[in-house]
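> My questions are about this predicted structure, shown below with the sequence.
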Number of protein chains: 2
Amino acid sequence: MAAEETKEAIWHGGDLAMAKALFPQAPKPWIDLSTGINPIPYPLPELPLSLWQRLPGKAEEAALLAAARKAYRIRAESGLVAAPGTQILIELLPRLVPAARVAVLGPTYGEHAPAWRKAGAEVREIADLADAGDANVLVLVNPNNPDGRIAPQQTLVALIGALAARGGLLVVDEAFADFAPGASLLPILPDGALVLRSFGKAYGLAGLRLGFAIGEPRLTEALQAMLGPWAVAGPALHVGAIALGDADWLSAAGEARAADSGRLDTLLGPYGRIVGGTVLYRLLETPHAAFLFEWLGRAGIYVRRFQHDPTRLRFGLPGDEAAWSRLAGALATV
Amino acid sequence: MAAEETKEAIWHGGDLAMAKALFPQAPKPWIDLSTGINPIPYPLPELPLSLWQRLPGKAEEAALLAAARKAYRIRAESGLVAAPGTQILIELLPRLVPAARVAVLGPTYGEHAPAWRKAGAEVREIADLADAGDANVLVLVNPNNPDGRIAPQQTLVALIGALAARGGLLVVDEAFADFAPGASLLPILPDGALVLRSFGKAYGLAGLRLGFAIGEPRLTEALQAMLGPWAVAGPALHVGAIALGDADWLSAAGEARAADSGRLDTLLGPYGRIVGGTVLYRLLETPHAAFLFEWLGRAGIYVRRFQHDPTRLRFGLPGDEAAWSRLAGALATV
């Protein structure tokens, strides 16, 4: 079990303990580029002690949901539920859709398929939306992780119609849509689709645990019933409401991260081909990916490799000049 | 729906917004005695920004679980899962036990029965453990909320045996056992029982959202699978590990709260009969309970009343001398 977990975590990224175990001699501090989390977080507001002491109140939750509706441009008709991170919604959603035949557009974020399998669904990975076949649930990440692929909105709307006609559901994980608002289905969300949004990535606060599901009220209410009251911590309600209400910060952060990702492309250019990404991560293709992973690991820089494709590495953004400089230095000596 | 929610919340306690709506003219600040949360919280340690930024790591979770095992005296054979509050475990547990006939020892915490009903179980409230009949799931809160009743350990062990013989399960919610460690089943927990522990009440940090389930590994692993990874926020893992490792604080807090609850009994004595409670709340019985609820509400003091029994009020502990003084003043003018 322990060995299994270790193997799993090594491939998942985001847990520096694993990088430390793989490269015990690496110089400190570790530079973690293994995630798509914004390295410059939303500045934490002051957190009154009462947020920690009291059960989260309905007023605080209502404020968060109102801010999310506005920030994500959610239709008044759509239901909305907040959760302690998107992951738990990914785990619970399959329990709402019995006996599903699921198609997951891949390669993509690795947690969708297993969640459906655990719930007894039959899951296929498809490379193209046109290959969904007789699936009654179709899952895609949009923009996709790790390649940044964005599905045309018209295609998605047509798919929702086709799925709905046979009682099915389109699940769209928009974890990386904050900086690509045009990709979001939310402003036009029809029945027959469920959208997931993650707070932690764009706002750089993944440890806070805050995510949302948006869709037909019968679905979001069923998710709410499984979570029960008070699932989201008081500090997360408070920080989320403030940050989601701060459109100026999001806009400035989007511009800054776009500049950073351009800088990263320039830095990585000589070592392979940038085949995709979003403003929070870039996907590098090179036959030397396995070597580069090791080389950077020995230099204390942790990037994301992929079990399904040994020719690709995903790079998150360095968060300060020291990190940029160490990355540049490590690459220069390859 | 909104009206329904309002009605529900008024009876639940713990949400001051509702007290404010009921008594808009009450003097400020509100004194919230409607919960059983320790009003003197564990002092928040410094929270490094990385706890907010990064996905919670396996090392942080392991540290929390190790501290919980020691603090709660959990057997090495028992499984243990951490969740963002006990409530979500209460919601998910019924999904592990299909087609249950459930007996809930009551009156008690109001969230157990509805969670089982939502999952399709047949639920009866029983007044005595001997009345469980053919139930295959028996739920009790121990010490009980609101009356503080503690079931003899021998009785519980015998019940577990009887339930297990027909493939059943005893669920013991030990939310208020931190200051009554002798009541806990954990040091001797046999198969066939699942125990819930809440971090927020004894440590006065309910907004943090942290709870645990302990029992047969097959059950705790199934709960873990429904929660998925990273369900508990980084700050909660960190604070929980430190606080649960601080046996001296818990012991001092237990003595101080016992003194407080004695002081509360003395203060309430002239207004009715103390019929139970724990060191975090006291249960007052009086034919004037409805009047007293209103009287205190008008004075800006929110206590817990009960739909099922209009002769009882539950009082949490005042958290400072100003609160004690306002409570004494409001009572003196009844």
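In hand now; what should we look at?
> tally of neighbours for residue A:129?
Other residues near residue A:129 come to 17 when the count uses other Cβ atoms under 10 Å in any protein chain shown. Just so you know, the C-beta spots here come from the backbone N, C-alpha and C atoms, and that holds for glycine as well.
> For the closest residue to residue A:267 other than its chain neighbours, what is the enclosing helix or strand?
Of all residues not flanking residue A:267 in the chain, residue A:328 sits nearest, at 6.0 Å (Cβ to Cβ, 6 or more residues apart in numbering or on different chains). Under the criterion of DSSP states H and E, residue A:328 resides in helix A:321-332.
> Return the list of helices and strands in contact with that helix.
With contacts defined as 3 or more Cβ pairs under 8 Å, 6 or more residues apart in numbering or on different chains; DSSP states H and E, helix A:321-332 has these neighbours: strand A:31-32, helix A:247-268, helix A:289-298, strand A:301-302.
> wait, which of the ones you listed is closest to residue B:284?
Closest to residue B:284 of these, according to Cβ to Cβ: helix A:247-268, at 49.5 Å.
> May I see the buried residues of the closest one?
Buried residues in helix A:247-268, counted by 16 or more other Cβ atoms under 10 Å in any protein chain shown: A:249-250, A:253-254, A:257, A:260-261, A:264, A:267-268.
> Redo those residues as CSV? Include pLDDT.
Shown next, in CSV, are these (pLDDT from 0 to 100):
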residue, pLDDT
A:249, 98
A:250, 98
A:253, 98
A:254, 98
A:257, 98
A:260, 98
A:261, 98
A:264, 98
A:267, 98
A:268, 98
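> so residue A:236 touches residue A:212, yeah?
No - counting by Cβ atoms under 8 Å, residue A:236 does not reach residue A:212; the two are 11.6 Å apart.
> Quickly list what's touching both of those two.
Residues touching both residue A:236 and residue A:212 (Cβ atoms under 8 Å, 6 or more residues apart in numbering or on different chains) are residue A:199.
> where does the closest residue to residue A:194 other than its chain neighbours fall, phi/psi-wise?
Leaving aside its sequence neighbours, residue A:194 sits nearest to residue A:215 (Cβ to Cβ, 6+ apart; 3.7 Å). The phi and psi values for residue A:215, taken as degrees, to the nearest 10, are phi 170, psi -160.
> One more: residue A:194?
phi -130, psi 130.
> close enough to count as contact, it and residue A:173?
No - taking contacts as Cβ under 8 Å, residue A:194 lies outside contact range of residue A:173: 9.5 Å.
> so what's the one residue sitting closest to the centre of chain A up against?
Note on chain A: the residue nearest the mean C-alpha position is residue A:175, at 3.8 Å, using Cα atoms, centre = their mean. Counting by Cβ under 8 Å, 6+ apart, residue A:175 touches A:36, A:86, A:109, A:141, A:145, A:196-198, A:201.
> swap in residue A:86?
By Cβ under 8 Å, 6+ apart, the neighbours of residue A:86 are A:173, A:175, A:196-198, A:211-212.
> From these, which land in strands?
Judged by DSSP state E, strands contain the following of the contacts of residue A:86: A:173, A:196-198, A:211-212.
> And the strands in the stretch 51-200 of chain A?
A:79-83, A:101-105, A:122-126, A:137-141, A:169-173, A:193-198 (DSSP state E, counting those that start in this stretch).
> Using CSV, lay out those strands together with mean pLDDT, mean neighbour count and distance to residue A:70.
Listed next are these as CSV, based on pLDDT from 0 to 100; neighbours: other Cβ atoms under 10 Å in any protein chain shown; distance: least, Cβ to Cβ, whole Å:
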stretch, mean pLDDT, mean neighbour count, distance to residue A:70
strand A:79-83, 98, 23, 11
strand A:101-105, 97, 23, 29
strand A:122-126, 97, 16, 34
strand A:137-141, 98, 26, 24
strand A:169-173, 97, 26, 20
strand A:193-198, 98, 25, 13
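> Right, I'll leave it there.
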